[in-house]
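Asker: Need a 3D model of the sequence below.
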Amino acid sequence: MARNSMTNIIEYDARAELIQKVVYEISNDLSSALDSNKYITFAVPGGTTPGPILEKLSEVQLDWTRVKIILGDERWVPYSHERSNSKLITETLLKNEASGAQFIPIYADFATPEEGIVHIIKDIEDCLPLSIALLGMGADMHTASLFPRSINLKAALSIDAPTLVPVSAPGLSEQRVSLSARVFNSSQKKHVVFFGAEKKKALDNALSLNPLSAPVRAILEGAIVHWAK
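Answerer: Prediction:
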């Protein structure tokens, strides 16, 4: 394991080592936040990369009844849909010791995100600011559902961004919603996790680009980046 202090990147020799270390770090972050707050909020990503981390976190012993779980982004599909991040989080994190955590949905059963957001935004804003945020990154330098060339990206990256932003972009098969960069950056702790040489190259490129071209750039300040081949 090596640390790149210039960009706050920790490079691991193996993916299993990364998973173990991130679980340890987030467990400590959660415990510390609970020591000084009655309730805390933990933002988690969808996708396959964080799955093993969330599985192991579900076994950590702490007072999960005081932890609110919120997705960083969601596809605008029903909970039963195979591509629903809510379904994924239920299967990976909201079980075992973590079954008592409170899940804060960022989806509602309306035709479009624009219609649904007005019905869920109060519950979301009531659990902010975030205490801990776990994020991923795509090879196109997106994070959460903040994609390059996506509609509403400029608004989602602004300092006065709304809490939850509807997202559509070229190549996306569903509409999505995402917490804005402002919300992620309000978190006391941020961890970004990804695997593979292609994504490492993408991150290196992102460091020299404008966030509108590389949205992940907008949330890197103060974050700990974890990477393994």
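Asker: Any regions of this structure where pLDDT drops low?
Answerer: For the chain, applying pLDDT under 70 flags the ranges 1-7.
Asker: ok, longest helix in it?
Answerer: Scanning the chain for the longest helix, with DSSP state H as the assignment, gives helix 15-36.
Asker: This structure: strands as residue ranges?
Answerer: With strands called from DSSP state E, the chain shows them at 2-4, 9-12, 40-44, 67-71, 73-75, 102-104, 132-135, 164-167, 176-179, 189-195, 224-228.
Asker: Of those strands, which is nearest residue 116?
Answerer: Minimum separation from residue 116 across the strands of the chain (C-beta to C-beta) falls at strand 176-179, 7.9 Å. No exception for glycine: its C-beta is placed from N, CA and C like everyone else's.
Asker: Tally up the residues packed near residue 24, please.
Answerer: 12 (other C-beta atoms under 10 Å).
Asker: quick one on the thing from earlier: what is the longest helix of the chain packed up against?
Answerer: strand 9-12, strand 40-44, helix 51-57, strand 132-135, strand 189-195, strand 224-228 (3 or more C-beta pairs under 8 Å, 6 or more residues apart in numbering; DSSP states H and E).
Asker: ok so, going back, okay, the strands of the chain, which one's buried deepest?
Answerer: Among the strands of the chain, strand 176-179 has the highest mean neighbour count (mean count of other C-beta atoms under 10 Å), at a mean of 28.
Asker: what's that one in contact with?
Answerer: Strand 176-179 has contacts (C-beta atoms under 8 Å, 6 or more residues apart in numbering) with 43, 70, 72-76, 106-107, 113, 116-117, 144-146, 156, 163-168.
Asker: Same check on stretch 182-193?
Answerer: Counting by C-beta under 8 Å, 6+ apart, residues outside stretch 182-193 touching it are 18, 22, 25-26, 29, 33, 43, 49-50, 53, 72, 128-137, 143-144, 158-161, 163, 216, 218-227.
Asker: cool, stretch 84-93 as well?
Answerer: Contact with stretch 84-93 is made by 44-47, 50-51, 54-55, 57-58, 69, 71, 73-75, 77-81, 101, 103, 105, 107, as judged by C-beta under 8 Å, 6+ apart.
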